[in-house]
Structures are given as structure tokens and as C-alpha cells.
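Enquirer: take this sequence and fold it.
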Amino acid sequence: MRTAFVRRAVLTASAVSLSLLATACGSDSGDSGKKDDAKAGPQQSAPAAAAAKGKSAAELAPLLVAQADLPEHKVEADAAAKAAAGANADADKPECKPLVQLQTLVPVGKPAGTATIAATEKPKKPSEGASLDDKLDALKGGLAVTRTSVGLASYDGKGAEEAFGALKTASTACAAGYTVTQDAEKTKIEKVAASAAVTAGDEALAYNTVMDLKDGDKATMQFVVVRKGNTLATFYAMNLTGAAAQPKAVVEAQVKKLG
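Expert: Presented below is the predicted three-dimensional model:
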């Protein structure tokens with residue numbers, strides 16, 4: 001039986017996917033946005049920006065990626081972040097706690113302000129005059145889309161550097177996995193591994209985790225963390241098929257918006 005930790009994630013993704021399925025065979029929304037020119041590449045580190053006062057939630061909100069920035073996604077308020085508010089999850093290994101915080105959409109450290117949004121890939125629509133089988137395939141494909149929770153957190157002083165450092169250290173220290181306890185139930189994260197390197201902001205980190213779903217299935221989730229000055233952008237991507245793709249388009253669009 002799946003734990004509360006797993007059910008919370010799956011139910012959120014399911015709700016979004018089902019809403020997109022309803023429009024998979026309909027007309028496009030017509031939203032448009034600029035294509036980002038950022039390129040994925042090796043990870044990099046750069047000297048930290050001068051210490052500054054963190055931005056408030058109101059100041060961060062306009063910096064979040066929006067629908068016009070991602071025409072191939074549905075961008076909306078992050079129901080998962082709202083559901084996670086007040087959630088208390090912990091790891092059996094103290095060094096892995098930052099990873100649990102990111103996975104449960106809890107900010108690492110003590111940010112001055114936070115803001116969240118969610119971006120879900122739009123399913124591919126069948127061509128005009130498509131057969132019934134093609135339409136059914138398109139509907140099934142709607143469940144295979146990747147959903148990304150995007151979070152911005154701004155810190156006073158060197159808070160962003162410290163939060164980034166904690167996540168980077170944990171992603172290496174917890175390579176062999178860890179166990180999450182939430183609502184008195186345990187969920188096993190079998191391993192943590194580096195993902196395709198990302199070049200963005202002042203420093204960037206990309207990794208994935210493999211979760212045991214307790215019914216013989218596994219789920220691979222993708223995480224990207226980018227520090228730009230004293231602001232941390234985090235990305236948590238999951239897919240109902242069990243294997244999420246790194247959300248490159250979402251990362252690039254969000255980093256571009258941060259300037």
C-alpha cells in the first residue's frame with residue numbers, strides 16, 4: 001500500500017493530468033511566449049553575488065515563470081505546494097533532510113520570501129481527421145506528461161549560498177538513498193544520482209531520485225536547483241508513468257526571467 005508521502009504526490013499529478021486530458025483533443029489555448037535561448041550544458045560555479053536583502057513574496061511573484069513564457073505548458077498555481085503547507089516530513093539520515101525539504105516543497109534555510117508555480121506539459125493533440133485509435137492514444141499520452149513544481153526563495157546575506165550548499169552536499173552524501181517519514185509512514189528513496197548537468201545562474205545542481213512505490217513499481221523524479229545572486233530557484237519534476245524528464249524548458253524560461 002502506498003504511503004501518504006507517495007499518495008500526496010500522485011494525487012496532485014493525477015488531478016493536473018486529467019484536466020489536461022479533457023483538452024487534449026480540443027483547440028489550443030493560443031498562448032504565446034518567447035523561445036528561450038539558454039542551452040543545457042555542464043554544471044558551473046561562479047563567485048557569489050554581494051550580500052543583499054532578500055526579496056519578499058510580493059517581490060518574487062512577478063519573477064515567476066508565467067503562461068506566456070511557456071506556451072507548450074499549462075502554468076497555474078501549485079496545488080502541491082499548497083497541500084504541502086504545514087507538512088512535517090523527515091529523513092532517517094540528518095544529512096538528507098535538505099533533499100526531503102525540496103521533495104516536500106518546503107524551503108531550505110530561512111528565506112525572506114517565497115513564491116511558487118506549477119508547469120505541466122500539454123499533451124500532444126491528434127491531427128485533424130485522426131482515427132478513433134489515434135485519439136485514444138493521444139488521451140493515454142496525456143498521462144505521460146511531466147509536471148514541474150517551481151519555487152523561488154530569496155534570502156538575506158549568504159542564505160541562498162548556504163541553502164544551495166546544503167542541497168549540493170546532501171545530493172552526494174545521500175547517493176545510497178534514505179527513508180522519508182511522513183504522517184507516521186515510511187517511504188524509501190532507493191538512490192540519488194546526478195542528472196544531465198545544467199548551466200544556469202551563478203551555480204546549478206541537477207539530480208534525480210528513485211522512489212520505491214511499495215507495489216513493485218519505481219518512480220524517478222528530477223530536481224534542478226539554480227542560485228542567482230541571493231535567490232534560489234528550485235524545480236521538482238514528476239510523471240505519472242514513473243519516469244520524469246528533466247524540465248529543461250521550464251528551467252531555461254525561469255532562469256531567463258530572473259535576469
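Enquirer: show me where the stretch 151-259 of the chain has its helices.
Expert: 159-173, 248-258 (DSSP state H, counting those that start in this stretch).
Enquirer: show the average pLDDT along the first one.
Expert: Confidence over helix 159-173 (mean pLDDT, whole number) is 98.
Enquirer: out of the helices of the stretch 151-259 of the chain, deepest packed?
Expert: helix 248-258 (a mean of 22; mean count of other C-beta atoms under 10 Å). For the C-beta atoms, the positions are set from N, CA and C on the backbone; glycine is no exception.
Enquirer: what lies in contact with that helix?
Expert: Defining contact as C-beta atoms under 8 Å, 6 or more residues apart in numbering, one finds that helix 248-258 is touched by 33, 36-38, 40, 63-66, 69-70, 72-73, 119, 148, 150, 198, 200-201, 224, 226, 228, 231, 233, 235, 237.
Enquirer: return it as PDB; C-alpha atoms alone will do.
Expert: Only the C-alpha atoms of helix 248-258 are listed here, as PDB (Å, rounded to 0.1, in the frame of the first residue of the first chain):
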ATOM      1  CA  LYS A 248      14.800  21.900 -19.400                       C
ATOM      2  CA  ALA A 249      12.300  24.300 -21.000                       C
ATOM      3  CA  VAL A 250      10.900  25.300 -17.600                       C
ATOM      4  CA  VAL A 251      14.300  25.800 -16.100                       C
ATOM      5  CA  GLU A 252      15.500  27.900 -19.000                       C
ATOM      6  CA  ALA A 253      12.400  30.000 -19.000                       C
ATOM      7  CA  GLN A 254      12.600  30.600 -15.300                       C
ATOM      8  CA  VAL A 255      16.300  31.400 -15.200                       C
ATOM      9  CA  LYS A 256      15.800  33.900 -18.100                       C
ATOM     10  CA  LYS A 257      13.100  35.600 -16.200                       C
ATOM     11  CA  LEU A 258      15.300  36.100 -13.200                       C
END
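Enquirer: how far off centre is it?
Expert: 12 Å (C-alpha atoms, centre = their mean, to the nearest Å).
Enquirer: the closest residue to Ala153 other than its chain neighbours: neighbouring residues, count only.
Expert: Spatially, and ignoring its direct neighbours in sequence, Ala153 is nearest to Pro111 (3.8 Å; C-beta to C-beta, 6 or more residues apart in numbering). Neighbours of Pro111 under the rule other C-beta atoms under 10 Å: 25.
Enquirer: so Pro111 is in contact with Glu162, correct?
Expert: No. Using C-beta atoms under 8 Å, Pro111 is not in contact with Glu162; the gap is 11.0 Å.
Enquirer: need the residues touching each of these two.
Expert: Common contacts of Pro111 and Glu162 (C-beta under 8 Å, 6+ apart): Tyr155.
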